[in-house]
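K.L.:
let me see the structure of the following:
(2 chains)
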Amino acid sequence: MRPEPTIDPRELARGVRARDKASIARALNLVEDRRPSARATVGALLGALREETRRDDAPRGARVGLTGPPGVGKSSLAAALARQLRRDGRSVGIVAIDPSSVKSGGALLGDRARMGFDPTDNSLFVRSLATGGEAGGLSWSTPAAVHVLGAAYDVVLVETTGVGQTETDVRHVADTVVLVIQPGSGDVLQFLKAGVMEIPDVLAVNKADHEELARRALADLRGALHSLSVVGASRELPLVATSASTGRGVEELVAAIDAHHAELASRLAEHRADGERAWTTHLFVRLHGEHGVTTLGGRAALLDAVRDELAKDGASAPTACAALSARFLSTMQA
Amino acid sequence: MSEPKRERPWIMRTYAGHSTARASNELYRTNLGKGQTGLSVAFDLPTQTGYDSDHPLARGEVGKVGVPVSHLGDMRTLFDGLPLERMNTSMTINATAPWLLALYVALAEERGENVAELRGTTQNDLVKEYLSRGTYVFAPEPSLKLTTDVVAYTVEKVPHWNPTNVCSYHLQEAGATPVQELAYALSTAIALLDSARARVPADIFPEVVGRISFFVNAGIRFVEELCKMRAFTVLWERICKERYGVTDEKLTRFRYGVQVNSLGLTEPQPENNIVRIVLEMLAVTLSKDARARAVQLPAWNEALGLPRPWDQQWSLRAQQILAFETDLLEHEDLFTGSVVVEREVKALADAAWAEVEEIERRGGVIRAVESGYLKQRLVESNAARLARIERGEQVVVGVNRFVESEPSPLVENLDEAILTVDPAVEAEQIAALNAWRKQRDASRVEAALRGLKDAASKGENVMPASIAAAHAGVTTGEWAAALREVFGEYRAPTGVAGASMPSATSDATRVQALRDTLTGLEARFGRRPKLLVGKPGLDGHSNGAEQIAIKARDVGFDVVYEGIRVTPEQLVASALEEGVHLIGLSILSGSHLVLALDVLDRLRAAGLDVPVVVGGIIPDADAKRLLAAGVARVYTPKDFELSRIMEDLVALVAERDAA
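P.N.:
Sure, this is the predicted structure:
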């Protein structure tokens, strides 16, 4: 095996920021790398990306999560959304997540098949990731991949696996969560009401391929959603009927996402910081389990420690986690 | 002794066409001179998928698997000296069927021939294109509408034409069991007739039912296949009577043409294939009560490359010997009253009917295509079939048993034992196309295209506007582009994501060893080895790519599969964006040199150092060229052991550094 080419995180971050596809691909390969030896570089890259992004005040990297049960057409809708955004002149990065086989560890990453994009389009990038055994509908590297693509593109779409009803993790990586359902899927509402599924920011009823179907589906949902306000939806949930095959409602969906993002603007930094903290905590718990949490003084203490670490210059979830790991290990040795 | 009364033989055809309209015309004349009684036109992939010869996706594909027909001028040349009124012409054309029929009709009109007298078939079945053959363009709904347009037009204007040939042929090639073949084809016919019933006057609907014909496959288990054909006749009659209330026996008869199985033809000891072909022919000819109306046989060397005229002649002679030398056509139905045959027919019909009802429950065949249900079932059946061959449970002589062989004099010089299309053909065709575009009246072309778009968007029948466009000099690419504007372009489900591998295979230890190796590589690289499976070019035969994809997932690769019809440019973009460790290309149209070399060049230009393997029907000389150009491995139909291919792929990745 040849020695690995050395990676200069700052240079790589500049390449990502300049939307150089080769750099973005390398950055994604790096953040997917789970070897302990890669952690420091990943942390440095994410820190450098954060600085790069801060320096430049072009508003970039709106993060949109697409979630919903299997078979509702999330991939096709993601493709339709991306096309619409490109038509509007916005650049798009997509993270598409598929489940790994429990038996073999392998995965079929089939989302590109539904997309058929122009390969010469420099403002569009699709990366497929396998869950690799993670629960929650995302992969281990999704948050980092979103950071990378968010530094390069105007909008990042994250498409979850849709295998479970407990896909709440997407909330931590996305600014706006779109729940995609099919007409007549009343059970989804049951999940929402029961709190099994988090309340999304936008609800898209996909496969509304003709007028009548769209009208009926929306009417049904409006009625059913009434009861949701009881369980804590603070505002009226935007409802859009879409058809990925005909393009119906896609512009409207973009508008609904934009509206939510605008509404979120004042709280965006805090929302993302929440996500960053959740990610750091998740990484720490993955490494050291409940034992680690207890050793650092319990959940609340851990959260405070995470907050402090992330506040440091050039920090990112992996570096914060590394610092906490070091603290945990030294406590153990003491 | 008086001569016994003989039945009229079936129509004998050879699926033919290559290079140019001129070369194909010569081939048709020769074939007819040899006693062939019908024509079967093979179109090249750009024509089948609605691109002109100079479109980027057409690169390397022009004139390869069939003849390019870009406009009325090509049609004139193709049928030069062949009176259309006296031909029986079968066209293997689907997404662009309305257009090719329009060109055929326009040619008859300009020659002053009687359009009502035209006889022949447009294949015009899109369902099996989504499931197997891959030359679809539009989504299922608009496709069904276009198919129905051809039906509605021909019933009125070309009454002897078979407007659609519902194909179970390609389903078997994609791995369908006999039951699946029966059920999926019949469900397709139901969708078609349901759609037609809504669009034609009630009094002519029974005629529409009578015009539906089928195109089936016959595999090597010829007793079961014979029973399958009889089961088809039983079920079709039931559907016509019970669902559509058509009782006239002439209209409820199951009419079908056949191409016997190509999937089972072997690359090792290819001379054995002629025996397989003859046995398979028996399945569709022995029963008088369920005999094919038209038969075309593949050639013995199809697993090696494109057959030459002599190879095709051998297959035609096999048909002629059966029809004219033997006493088959002197007898009544041989199996009426056979306990065994009747029992088997009933078993097949019952199982198929249950599956027809299952598809009904799922909202019909169109929904079952869109949801990926049908594709997934086929991918699973094919995986099971390959696993049986790999384990030796299904014997394939010369492949997994009796493999020792004397050197075959037939393939002594292998590269001369197949047809090669002159690469200059593409440039010639493009030059002719440009000349055609220059000499026509541009304003007439524009008006014709406007008319076509107008008809399509209003939901009117596109046939009259298409015939007008043919006369105006519109090209195949322009016709399809106009409809792409109206209907959009469709990408079908690949069926691989949800498909499960047959469990308890005897190669479990090999699979486990591969899984362990890949897990080890994941630890070494920091992420799981990722494989990109690509089908560049227009070839839509995706079975091989699908089987590789699901097997690779089963041994532990992360697999990116984009489906059919991707350009080398797209593949390289995907390889970069996805960060893959290995690329596998599957190309069955004979365009492997152009396409694989293009991928290699673009990878180099992008600075990607990723090994590439290629699978397909690749003659030895081409394989050597590919390897010399930097392809890591070449696989051909003789490499039937998927586990061995996987071992190769894992080894290739292991040799590399972490990407």
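
K.L.:
export stretch B:309-324 to CSV, keeping only CA atoms.
P.N.:
Coordinates of each C-alpha in stretch B:309-324 appear next as CSV, following Å, rounded to 0.1, in the frame of the first residue of the first chain:
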residue,chain,number,x,y,z
PRO,B,309,-26.1,-14.2,-42.9
TRP,B,310,-24.8,-17.8,-43.0
ASP,B,311,-25.6,-18.2,-39.3
GLN,B,312,-29.1,-16.9,-39.8
GLN,B,313,-29.6,-19.1,-42.8
TRP,B,314,-28.8,-22.2,-40.7
SER,B,315,-31.7,-21.3,-38.4
LEU,B,316,-34.0,-20.6,-41.3
ARG,B,317,-33.2,-24.0,-42.7
ALA,B,318,-34.1,-25.6,-39.4
GLN,B,319,-37.6,-24.1,-39.7
GLN,B,320,-38.0,-25.2,-43.3
ILE,B,321,-36.9,-28.8,-42.5
LEU,B,322,-39.5,-29.0,-39.7
ALA,B,323,-42.3,-27.5,-41.9
PHE,B,324,-41.6,-29.1,-45.2
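
K.L.:
list of residues touching the helix or strand containing B:Ala351?
P.N.:
Secondary structure assignment for B:Ala351, by DSSP states H and E: helix B:339-361. Here helix B:339-361 makes contact (CB atoms under 8 Å, 6 or more residues apart in numbering or on different chains) with B:178-180, B:182-184, B:186-187, B:190, B:223-224, B:226-228, B:230-231, B:234-235, B:335, B:365, B:368, B:374. (Glycine included, C-beta is placed from N, CA and C.)

K.L.:
quick one: whichever helix or strand comes after that helix near chain A?
P.N.:
Sequence-wise, the next helix or strand downstream of helix B:339-361 (DSSP H and E) is helix B:365-370. No: Helix B:365-370 stays out of contact with chain A when judged by CB under 8 Å from any CB of the partner chain, the minimum separation being 8.7 Å.

K.L.:
what do you get for stretch B:522-530?
P.N.:
Yes: Stretch B:522-530 comes into contact with chain A (CB under 8 Å from any CB), by way of B:522-528.

K.L.:
can you flag the buried ones in these?
P.N.:
Neighbour-count burial (16 or more other CB atoms under 10 Å in any protein chain shown) applied to those gives B:522, B:525-528.

K.L.:
may I see those residues organised as TSV, with secondary structure and pLDDT added?
P.N.:
TSV is the format used below for these (DSSP: H, G, I helix; E, B strand; the rest coil; pLDDT from 0 to 100):
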residue	secondary structure	pLDDT
B:Glu522	helix	93
B:Phe525	helix	92
B:Gly526	coil	92
B:Arg527	coil	93
B:Arg528	coil	95
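
K.L.:
identify the farthest-apart pair in those.
P.N.:
Greatest spacing in those, by CB to CB: B:Gly526 and B:Arg528 (9.3 Å).

K.L.:
quick one: mean pLDDT for the helix holding B:Ala351?
P.N.:
What helix B:339-361 shows for mean pLDDT is 97.

K.L.:
any regions of the stretch 501-650 of chain B where pLDDT drops low?
P.N.:
For the stretch 501-650 of chain B, the stretches flagged by pLDDT under 70 are B:501-506.

K.L.:
quick check: residues of it near chain A?
P.N.:
Residues of the stretch 501-650 of chain B found near chain A (CB under 8 Å from any CB) are B:511, B:515, B:518-519, B:522-528, B:549-550, B:552-563, B:567, B:569-570, B:572-574, B:576-579, B:606-607.
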